[in-house]
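Novice: what's the 3D shape of this:
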Amino acid sequence: MKMIEEAIEEFLNHFNYFKAKLNYSSLEEFIELLCSSDRVFVYGAGRAGLIGRAFTQRMMHLGLSAYYIGETLTPALKPGDLFVALSGSGKTTSTVALAKRAKEVGGVVVAVTSKRDSPLASIADKVILIQGKTKGDENVSLLPLSTLFLDTAQIILDALIVGLMKKLDVREEDTLERHANVE
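Specialist: Modelled structure (predicted):
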């Protein structure tokens, strides 16, 4: 049980350290992009994809036209649409390729990554930097692979939803109207 407590403590210390350095104006700019886009497309591979799906679902609950890339009901991305790409390393092959394609068709790309000097960040129009150990990093951590980046990204994106709710004047009761009711 000591290792579990140490892992939780490591994450909390990491998050508090990151929170103190977070660029809140960058998040406000991201909210503006989300609000001004007709449609938002999201993609991430692996666990980043799970976080991307959760973010997409929350945006849908707020009334935004949000789609997760790769689902059967996802429409074509068009010029001016927003493409949000999640990758801790910023090197994930599928994520980088899809971000490039989104740019080719005229999309605006936001990279949510831990690496400002990554291929994904170099493609992006806007980078949301979320520091945290990712797979392949030499940083020592009890938490495996990209856990620190991914868990921090989940919290930041969920907090961003709160900012979107305020900006869009959406109440929690309003989200229930768009929440699944056949479950």
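Novice: using CSV, write out every CA atom in the one helix or strand in the chain whose mean pLDDT sits lowest.
Specialist: Least confident helix or strand, the chain: helix 172-176 with a mean of 78, by mean pLDDT, DSSP states H and E. Extracted C-alpha coordinates of helix 172-176, given in CSV (Å, rounded to 0.1, in the frame of the first residue of the first chain):
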residue,chain,number,x,y,z
GLU,A,172,-25.3,21.9,-15.7
GLU,A,173,-29.1,21.4,-16.1
ASP,A,174,-28.7,22.4,-19.8
THR,A,175,-26.1,19.7,-20.3
LEU,A,176,-28.6,17.0,-19.1
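Novice: buried set for that helix?
Specialist: Using 16 or more other CB atoms under 10 Å as the test for burial, helix 172-176 gives Thr175. In short, each C-beta sits where N, CA and C put it, glycine included.
Novice: which stretches of the chain form strands?
Specialist: According to DSSP state E, the chain carries its strands in the segments 40-44, 66-68, 82-87, 108-113, 126-129.
Novice: tell me the most buried of these?
Specialist: strand 82-87 (a mean of 29; mean count of other CB atoms under 10 Å).
Novice: residues in contact with it?
Specialist: The contact list for strand 82-87 (CB atoms under 8 Å, 6 or more residues apart in numbering) reads 33-34, 37, 39-45, 48-49, 51-52, 55, 69, 77, 95-96, 98-99, 102, 107-113, 118, 120, 124, 153.
Novice: for that strand, which strands pair with it and how are they oriented?
Specialist: If you go by DSSP bridges, strand 82-87 pairs up with strand 40-44 (parallel), strand 108-113 (parallel).
Novice: so which of those is nearest Leu176?
Specialist: Closest to Leu176 of the strands paired with strand 82-87 is strand 40-44 (CB to CB; 20.9 Å).
Novice: distance between the closest one and the chain's centre?
Specialist: Chain-centre distance of strand 40-44: 8 Å, with CA atoms, centre = their mean, to the nearest Å.
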